[in-house]
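[1] based on what follows, work out the 3D shape:
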Amino acid sequence: MAIIFCVPLFTFNVNAQGKAEKYLGSREMCLETVRIKETRILDDQTILFEMRDGAIYINRLPVVSHGLKLAGGFQYSTSIAKLCKQDTIKVISPGSAPGSTAMLGDFIKFKEKGTLTDVEKLLEGGLLKELVDESAFTDGSSGKK
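    Coordinates of the predicted model:
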């Protein structure tokens, strides 16, 4: 009886590991700002970056930035023409009140080809939750470094 119980748990872990390996690629410390074509905010902790060459990167903020999704935008300032892990972004608030700031995480390349909208729908359709549940965005847990 114990063997039957252990087998399904093992199978689940293999499948969970497979999600990160299937969808997530290399981690980048920085993106060149001139190569960023568009950004899309998925929630208060996740931002997609579409590059001019069609590559899409996921950045999962280390800490939730309340109001980021509602605000719909952010700004940043850099002197090296790169946006890097641990750089801060400032939430653009709809009113005149100053927005909150948040630190960026790793930029993780999304392996699957498609438009920014395709990737957004896939992640919002449950894949993002699965990747978060398996700790795919913590350093060293998935993807190539």
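[2] quick one, what contacts Gly54?
    By C-beta atoms under 8 Å, 6 or more residues apart in numbering, Gly54 lies in contact with Lys113. Placement of C-beta: from N, CA and C, glycine included.
[3] residues near the closest residue to Met29 other than its chain neighbours, how many?
    With C-beta to C-beta, 6 or more residues apart in numbering as the measure, Lys85 is the residue that lies nearest to Met29, at 5.1 Å, once sequence neighbours are left out. The burial metric for Lys85, expressed as a neighbour count using other C-beta atoms under 10 Å, is 17.
[4] where does the protein have low pLDDT?
    Within the chain, the segments meeting pLDDT under 70 span 1-17, 94-98, 140-145.
[5] please, where are all the strands along it?
    Counting by DSSP state E, the chain has these strands, from start to end: 24-28, 30-32, 36-43, 46-51, 56-60, 74-75, 82-84, 88-91, 101-103, 107-110.
[6] columns mean neighbour count and distance to His66 on top of those strands, output as TSV?
    As requested, those are arranged in TSV below (neighbours: other C-beta atoms under 10 Å; distance: least, C-beta to C-beta, whole Å):
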stretch	mean neighbour count	distance to His66
strand 24-28	18	26
strand 30-32	16	24
strand 36-43	15	11
strand 46-51	21	14
strand 56-60	22	15
strand 74-75	14	13
strand 82-84	17	21
strand 88-91	18	9
strand 101-103	16	9
strand 107-110	22	22
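[7] among those, which comes closest to Gly125?
    Relative to Gly125, the nearest member of the strands of the chain by C-beta to C-beta is strand 36-43, separated by 11.3 Å.
[8] show me what the closest one pairs with in its sheet, parallel or antiparallel.
    The pairing partners recorded for strand 36-43 under DSSP bridges are strand 46-51 (antiparallel).
[9] using PDB, write down the CA coordinates of the strand it pairs with.
    Output in PDB follows, covering the C-alpha atoms of strand 46-51 (Å, rounded to 0.1, in the frame of the first residue of the first chain):
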ATOM      1  CA  THR A  46       5.400  39.400 -12.700                       C
ATOM      2  CA  ILE A  47       6.400  41.400 -15.800                       C
ATOM      3  CA  LEU A  48       7.000  40.200 -19.300                       C
ATOM      4  CA  PHE A  49       9.700  41.800 -21.500                       C
ATOM      5  CA  GLU A  50       9.500  41.400 -25.200                       C
ATOM      6  CA  MET A  51      12.700  42.000 -27.000                       C
END
